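[1] Give me a 3D structure for the following:
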Amino acid sequence: MVATCLAGTGRAMAQQSLAVTANLKISGGNFDQSGVQLENQTTGEKHKVEGAAKLRFNLKFNSTYILAFTKPGYITKKVQIDTRVPSNRAAQGFYPIHFNVILMEQYEGVNIVVFNQPVSKWQYNRVMDDFFYDTDYTKSIQSAIKDAEDELAKKKEELARQAEEERKNAEQARKDSLANARAEQKALKDSLAKARKDSLETAREEKELQAKMAEEERARTAAEAAEAKKQEAAMRMEEEERSRAAAAEAEAQKRRQAEALESEAQARNKAEAEAAEAERRKAAEAVAANAERRRQAATMEQSEEERRRQAKLKAVEQQRELLKASMSAGSQERKAEEGYDGGQAPVHFEEIEEKNRRITKATVKHGDKSVVYMKIVYDWGGIYYFRDDRSISESMYKMATERK
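    Residues are numbered from 1 along each chain as shown. Predicted coordinates for the structure are as follows:
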C-alpha cells in the first residue's frame, strides 16, 4: 500500500490500485500533529500519513479500507472505501475518488458518538460502472452529523461568550482598582496639604513638600499613561481575535451551503440516472412484447399455410389426373408468397458504437418480411447474440447472417 501527498487526475494504474484524493482542512488550526491512519480491514495492514492540505492514496483492489483523519484536540472523522470490483473490470482502471474532510475542535459535554461511524462510504456501483458514495448511508447519518456539528458550534459560541464576560469582569476590576488608587492618592494629597498647613513653619519646608508632591503627580501620570497604553493594546488584540473568529464562522457557513448544494446536485443526478434506467427497461420490455406478438402472428400464419397445403394434397388424391399440374401450381404459389427467388436472402449490416459496447445489426430480407439479428460486444469482454430482441446462440447468428 502506497500513500503520498501528491494530487493527480486521470484513471488509476491498471490492475494495480485505486487512486483516492482528499482535501483536508483544520477548522481554526494548522496541520501540526495531524495525520491519516489507513487500515486495510481485509489484510490487517495499517499505515500512518502526516496531515496536509492535499492528500493522495493508492489502495489495493478487493479490500475494505478505513481512512481516519485525526489531530489532538479535534474530532476524528472516518471514511470507508470498499475497493471490491468484478475481476475483469479492474484492468480498465477508474477515475480517482475525491472528497473533502474538515476537522472541528472537540469540547467537553458535547455528544460526538456519531463520529465513531464513517461519515461516508464508497463502493463500486454497477449501474454507474464506477466508484460512487453510498447515498442511502449518507442520508441516514447526515442528520446526526449536522446535529453534532450544530452542538459543537453552540459550545464554541458559549465559550466565546464566557471569555468575553471574563474579559469584561477583569476590565471592571481594573477600573475599580484604579479608582481606589486615585481615591487613596487624593486622600494622601489632602492629608499632606493639611499636614503642611498645620506643621510647616518655613518657606523652605513648603517648597520641598510641593516638589515632592509634583514628583509623585508626574509618577502617577506616567503610570496611568502606561496602563492606558497597555489596555489599548489588549483591546486591539481582542478586536482582531473577534474579527478572525467572525471570518472563520463566515467561511464555515459558506462551506455548509456549498456542501448542501453539492448533496442536492448528487441526489438529483442519481434520480435522473434511475429514471433513465427505468425508461430503458420499459423500452426493452416493449421491444420484447412486440417481438413476441410478431412470433405468435408468424406461428398462426404458418398453421394456416399448413392447413391450405393439406387441403390441396387431399384434392390431388381425389383428382389424380390433375396431380402434376396441381403440385406445380402449389409450389409456385408458396414461392411467390415467401418472396423466394432461389438465391441467398439479402443481408444489410450496420455498425453502432455506444459507451462501453459495440453493436453489429444485421437485417435479413425475405420478400416483404425483415428479421433483425444483433451481436453486442462489451468493452469488458462479454459477447451476446439476439434475433428480434430474443437471445440466440452464436451458431444461429452466423448461420442466418453468413458472417464469421
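[2] From here on, just use CA atoms for contacts and neighbour counts.
    Will do.
[3] how far is the lengthiest helix in the chain from where the chain is centred?
    Secondary structure of the chain per DSSP state H: the longest helix is helix 203-318. Distance of helix 203-318 from its chain centroid, counting by Cα atoms, centre = their mean, to the nearest Å, is 9 Å.
[4] model confidence over that helix, on average?
    Confidence over helix 203-318 (mean pLDDT, whole number) is 85.
[5] Counting by contacts, list what it packs against.
    Judged by 3 or more Cα pairs under 8 Å, 6 or more residues apart in numbering; DSSP states H and E, helix 203-318 is in contact with helix 135-199, helix 323-338.
[6] nearest to Ser34, of those helices?
    Closest approach to Ser34 among these (Cα to Cα): helix 135-199, 19.8 Å.
[7] Within the sheet, what are the partner strands of the helix or strand that contains Phe386, with directions?
    Assigned by DSSP states H and E, Phe386 belongs to strand 383-387. Strand partners for strand 383-387, identified by DSSP bridges, are recorded as strand 369-378 (antiparallel), strand 390-392 (antiparallel).
[8] Give me the contacts around stretch 184-200.
    Residues from elsewhere that reach stretch 184-200, judged by Cα atoms under 8 Å, 6 or more residues apart in numbering: Glu206, Leu209, Met213.
[9] before we move on, the earlier item: if you count neighbours, what's buried in the strand holding Phe386?
    Neighbour counts over strand 383-387 (16 or more other Cα atoms under 10 Å) mark Tyr385, Phe386, Arg387 as buried.
[10] That strand to helix 203-318, inter-axis angle?
    Strand 383-387 runs at 50 degrees relative to helix 203-318, counting by axes from the mean of the first three to the mean of the last three Cα atoms, to 10 degrees.
[11] Mind listing residues that contact strand 383-387?
    By Cα under 8 Å, 6+ apart, the surrounding residues in contact with strand 383-387 are Val371, Val372, Tyr373, Met374, Lys375, Ile376, Val377, Ser391, Ile392, Ser393, Glu394, Tyr397.
[12] Quickly name whichever of the residues you listed is closest to Ala225.
    Val377 (88.4 Å).
[13] Now do that closest one against Asn88, distance only.
    14 Å (Cα to Cα, to the nearest Å).
[14] Who has more neighbours out of the two?
    Val377 (17 against 11; other Cα atoms under 10 Å).
[15] ok so, going back, can you redo the strands paired with strand 383-387 as TSV with distance to Lys194 and mean pLDDT?
    Formatted as TSV, these follow (distance: least, Cα to Cα, whole Å; pLDDT from 0 to 100):
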stretch	distance to Lys194	mean pLDDT
strand 369-378	111	91
strand 390-392	121	91
